[in-house]
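Enquirer: Only the shape, not the letters, is given here:
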């Protein structure tokens, strides 16, 4: 039976982040010799996120395999490109399955990917237009720069919610200034070199004008203005030229679609009564009440792997 989804608060999913997290946690799960841990873990996390945030209004944003940022800086994310392995290929095959078929089989219609752009770009473009508010599901701190009013960032690993106000309290700057902080300090995970000797703390001090005019690090920042300008183009969200995805009407979610995936991939644990009931409530949008944001950091949702396969323990 298909049912129209509850709208709830829009939830912008950083799919590559969620997929890699799932792939690591369930890396040993397979069916008929084909790895399936990414698909299983991704779907299980969707259920947990929906139950935590009390929403099934999901917008799925995926990275493109190509990057427009490399036109500016060829070494952008170069260490990731150099890591090719059978495991990596299996992960990307499962990404393709999720994006092109599995999510659609479940009845989700807002599944986005754009040539040359990252999930962060699509999330940022969408967030600019979601004036009624939204959650961003990611652990990528680059997204701090788009903590607009009523936009919240939920890290499913730490269960931490970051808002505009909590960001301002922790870093003593506005989220819009985070782009310049990253441009100055650089980003190791993306292979973007920053100003030598200047990290996040010193970059924030520079922006807050807490470094004396003759402070050597302030001088370094000024001397490296061309590096900072280039980095700013790399870290700003959305990347220039990103087309804002069009949000379609209501999803029409399907238990039949879920059961079909369970049969195809051997996800027997999804078919036992406790999980069937949870999925049915999720698809129906039957959430008890609005999420208590003050307690989200303490709320932990247990994820049980299929009993028929050997699984690593979630940490």
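Expert: Thanks, I have the structure now. Quantities reported herein were computed from a predicted structural model and do not represent experimental measurements.
Enquirer: same for the strand or helix carrying residue 45, what does it pack against?
Expert: Element membership for residue 45, per DSSP states H and E: helix 37-53. Contacts defined by 3 or more CB pairs under 8 Å, 6 or more residues apart in numbering; DSSP states H and E place helix 37-53 against strand 11-14, helix 15-25, helix 86-97, strand 151-155, helix 255-265, helix 273-284. C-beta here means a position set from N, CA and C on the backbone, and glycine is covered the same way.
Enquirer: Can I get those in a markdown table including distance to residue 73, mean pLDDT and mean neighbour count?
Expert: Below are the helices and strands packed on helix 37-53 laid out as a markdown table (distance: least, CB to CB, whole Å; pLDDT from 0 to 100; neighbours: other CB atoms under 10 Å):
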| stretch | distance to residue 73 | mean pLDDT | mean neighbour count |
| --- | --- | --- | --- |
| strand 11-14 | 22 | 98 | 26 |
| helix 15-25 | 20 | 95 | 21 |
| helix 86-97 | 22 | 92 | 16 |
| strand 151-155 | 26 | 98 | 22 |
| helix 255-265 | 39 | 95 | 18 |
| helix 273-284 | 41 | 92 | 16 |
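Enquirer: Quick check: which ranges of the stretch 51-200 of the chain have low pLDDT?
Expert: Across the stretch 51-200 of the chain, the ranges flagged by pLDDT under 70 are 81-86.
Enquirer: Residue 9 reaches residue 137, doesn't it?
Expert: No - shown here, residue 9 and residue 137 do not form a contact pair, counting by CB atoms under 8 Å, at 11.5 Å.
Enquirer: the more surrounded of those two?
Expert: Using other CB atoms under 10 Å as the criterion, residue 9 and residue 137 rank with residue 137 on top: 24 against 17.
Enquirer: helix, strand or coil for the residue in the chain sticking out farthest from the centre?
Expert: Residue farthest from the centre of the chain, counting by CA atoms, centre = their mean, is residue 214 at 40.3 Å. Assigned with DSSP: H, G, I helix; E, B strand; the rest coil, residue 214 falls in the coil class.
Enquirer: and if you look at residue 168?
Expert: helix.
Enquirer: Pairing partners for residue 253 in the sheet, please.
Expert: residue 3 (DSSP bridges).
Enquirer: okay, now it: neighbour count?
Expert: 24.
Enquirer: is it true that it touches residue 108?
Expert: Yes - with contacts defined as CB under 8 Å, residue 253 counts as touching residue 108 at a distance of 7.3 Å.
Enquirer: Could you verify my assumption that residue 150 touches residue 135?
Expert: No - judged on CB under 8 Å, residue 150 makes no contact with residue 135 at a distance of 10.1 Å.
Enquirer: These two: which is more packed in?
Expert: Neighbour totals were compared for residue 150 and residue 135, and residue 135 leads with 25 against 14 (other CB under 10 Å).
Enquirer: looking at this, that one is in a strand?
Expert: Yes - under three-state DSSP, residue 135 falls within a strand.
Enquirer: going forward can the numbers begin at 56, since that is how I track them
Expert: Sure thing, new numbering starts at 56, so read that last one as residue 190.
Enquirer: What separation do you get for it and residue 265?
Expert: Here residue 190 is placed at a distance of 33 Å from residue 265 (CB to CB, to the nearest Å).
Enquirer: what's the answer for residue 123, then?
Expert: According to CB to CB, residue 123 and residue 265 sit 35 Å apart.
Enquirer: out of the two, which sits in the more crowded spot?
Expert: With neighbours defined as other CB under 10 Å, residue 123 and residue 265 compare such that residue 123 has more, 18 against 12.
Enquirer: Return the residues in contact with residue 180.
Expert: By CB atoms under 8 Å, 6 or more residues apart in numbering, residue 180 lies in contact with 293, 297, 298, 299, 300.
Enquirer: Spatially nearest residue to the third one, not counting backbone neighbours?
Expert: Which is residue 298. residue 169 (6.3 Å; CB to CB, 6 or more residues apart in numbering).
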